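> no letters, just coordinates:
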Ligand SMILES: Nc1nc2c(ncn2[C@@H]2O[C@H](COP(=O)(O)OP(=O)(O)OP(=O)(O)O)[C@@H](O)[C@H]2O)c(=O)[nH]1
């Protein structure tokens, strides 16, 4: 299934919330207009080349090996600016200018009259409330609505047009953070995986291991949450599924010592990647901080540039609580990127926009289910369309 269809399908709860909310806002005071006489929303920018649809596992989000020095994450290619689907009235309409997909969509002769509502302060307030309720966060919701409003106050907009504007704003925010996990020539590349209990660390490690293995990488997993036997067993199940060895230690033993042994084994095996699971007991933050710091100290005895990635796994269903998790884990560890799990089955997908706007941390992948191939590369346009309920067919 194409990624967008799958994502839209999976993000149904989020999109239906925003989609229905936008429809209701336009219905509240909207007036029916004939569909055809409306001028086409011409986009004064060429339509970008269609991107290949990222399918999992056909196209694992495994980037190509890059810099020798695993310092800062590689700079992504210049993100194309999303075209404004409905330019403000002052924007020059270039006849003959190429039209975006959305432009063409809106210019299709409609079967009947279209409901449009005049954009005013009351409507903007309703929009803000809707976005805040969808977990976009107050600051982001205010900025997004004010960008939508700019130059368009007094203009009549249909629900489809507002969805397109909103999707364009969300894409603009998300594009700079959509980056696959960088891979380095360093062997083993050490990936420390952190996050609160139940956020999906183990599942994500299993999915990542499977994808990297399919991409030809030799992977080793270390079950660093040595305090929970169930967590270790679960990781072993995922390791079996992915066909990747899982190094474990007796319950209650020192996670740092396991990490050291895992480094030794990964180096001896010539592994490309060592994925280290960690405990997530935030209720005892001081211990956790010491535990993570010790893991890092110990693996640096083997490689002073490790860990090369510190992935924070967040559960989308926790909504705005994810903001404080990012703040906390940034203090505990040098977080280099995010994976957002459980985007299927939540009405809180807007949290990702809030996080991108606030922290600017790379989003490497999103979890859209419990199966091994339910980890997808993060595609901002697909995400924005799915979140807003924009019809891209
Ligand atoms: N629907 C859905 N469920 C997920 C996803 N990722 C993980 N889960 C489920 O979330 C639950 C917790 O996932 P784990 O991977 O065990 O989380 P964890 O962070 O390792 O948890 P601890 O071992 O307790 O620290 C499990 O039931 C997973 O199946 C996802 O993307 N979508």
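Thanks, I have it. Computed from a predicted structure; not experimentally measured.

> can we go C-alpha only for contacts and neighbour counts from here?
Will do.

> show me where the stretch 201-350 of the chain has its strands.
Ranges of strands in the stretch 201-350 of the chain, per DSSP state E, counting those that start in this stretch, are 219-222, 246-247, 273-277, 309-315, 337-341.

> the ones you listed: which one's closest to residue 133?
Residue 133 lies closest to strand 309-315 among these, at 17.5 Å (C-alpha to C-alpha).

> compute the inter-axis angle for that closest one and strand 337-341.
Taking axes from the mean of the first three to the mean of the last three C-alpha atoms, to 10 degrees, one finds strand 309-315 and strand 337-341 inclined to each other by 30 degrees.

> between strand 309-315 and strand 273-277, how big is the angle?
Using the same axes, to 10 degrees: strand 309-315 against strand 273-277 is 40 degrees.

> can you offset everything so residue one is 36?
In the new count, where the first residue is 36, that last one comes out as strand 344-350.

> wondering if strand 344-350 reaches the ligand at all.
No - against the ligand, strand 344-350 shows no contacts by C-alpha under 6 Å from any ligand atom, the least distance being 7.4 Å.

> which one of the strands of the stretch 236-385 of the chain lies closest to residue 336?
Nearest of the strands of the stretch 236-385 of the chain (C-alpha to C-alpha): strand 308-312, 15.3 Å.

> so what touches that closest one?
Here strand 308-312 makes contact (C-alpha atoms under 8 Å, 6 or more residues apart in numbering) with 222-229, 236-237, 240, 244, 252-260, 294, 297-298, 301.

> who's in contact with the helix ranked longest in the chain?
When the chain is parsed with DSSP state H, its longest helix is helix 320-337. Contact with helix 320-337 is made by 290-292, 294-295, 298-299, 313-317, 341-342, 367-368, as judged by C-alpha under 8 Å, 6+ apart.

> and that helix, average pLDDT?
Here helix 320-337 scores 90 as its mean pLDDT.

> in it, what's buried?
Neighbour counts using 16 or more other C-alpha atoms under 10 Å place 323-324, 326-327, 329-334 of helix 320-337 among the buried residues.

> so which of the residues you listed are also by the ligand?
Applying C-alpha under 6 Å from any ligand atom to the buried residues of helix 320-337, none is adjacent to the ligand.

> tell me which two of these sit farthest apart.
Greatest spatial distance among the buried residues of helix 320-337 (C-alpha to C-alpha): 323 and 334, at 16.6 Å.

> just the pLDDT for residue 395.
97.

> give the full set of residues in contact with it.
Counting by C-alpha under 8 Å, 6+ apart, residue 395 touches 211-212.

> who in the stretch 236-385 of the chain is up against the ligand?
So far as C-alpha under 6 Å from any ligand atom goes, the stretch 236-385 of the chain lies against the ligand at 236-238, 266, 314-315, 376-377, 379.

> quick one, helices of the stretch 286-428 of the chain?
Counting by DSSP state H, counting those that start in this stretch, the segments of the stretch 286-428 of the chain that form helices are 290-304, 320-337, 356-367, 386-394, 415-423.

> quick one, which of the ones you listed is packed in tightest?
Mean neighbour count (mean count of other C-alpha atoms under 10 Å) peaks for helix 415-423 among those, with a mean of 24.

> quick one, it and helix 386-394 angle?
130 degrees.

> counting by contacts, list what helix 415-423 packs against.
helix 38-45, helix 47-62, helix 194-209 (3 or more C-alpha pairs under 8 Å, 6 or more residues apart in numbering; DSSP states H and E).

> swap in 10 Å and give it another go.
helix 38-45, helix 47-62, helix 194-209, helix 386-394 (3 or more C-alpha pairs under 10 Å, 6 or more residues apart in numbering; DSSP states H and E).

> so can I have a markdown table of the ones you listed showing distance to residue 151?
Output for the helices and strands packed on helix 415-423, formatted as a markdown table (distance: least, C-alpha to C-alpha, whole Å):
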| stretch | distance to residue 151 |
| --- | --- |
| helix 38-45 | 25 |
| helix 47-62 | 6 |
| helix 194-209 | 7 |
| helix 386-394 | 27 |
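
> returning to what we had before: which of the residues of the stretch 236-385 of the chain next to the ligand sit farthest apart?
314 and 379, at 24.3 Å, using C-alpha to C-alpha across those.

> the more surrounded of those two?
Neighbour totals were compared for residue 314 and residue 379, and residue 379 leads with 25 against 22 (other C-alpha atoms under 10 Å).

> least trustworthy helix or strand in the chain by mean pLDDT?
Within the chain, no helix or strand scores below helix 136-142, which has a mean of 40 by mean pLDDT, DSSP states H and E.

> ok, back up a step: okay if I get the strands of the stretch 236-385 of the chain as TSV plus distance to residue 173, mean neighbour count and mean pLDDT?
Compiled in TSV, the strands of the stretch 236-385 of the chain are given as follows (distance: least, C-alpha to C-alpha, whole Å; neighbours: other C-alpha atoms under 10 Å; pLDDT from 0 to 100):
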stretch	distance to residue 173	mean neighbour count	mean pLDDT
strand 254-257	39	28	97
strand 281-282	42	22	96
strand 308-312	33	27	97
strand 344-350	20	25	97
strand 372-376	20	26	97
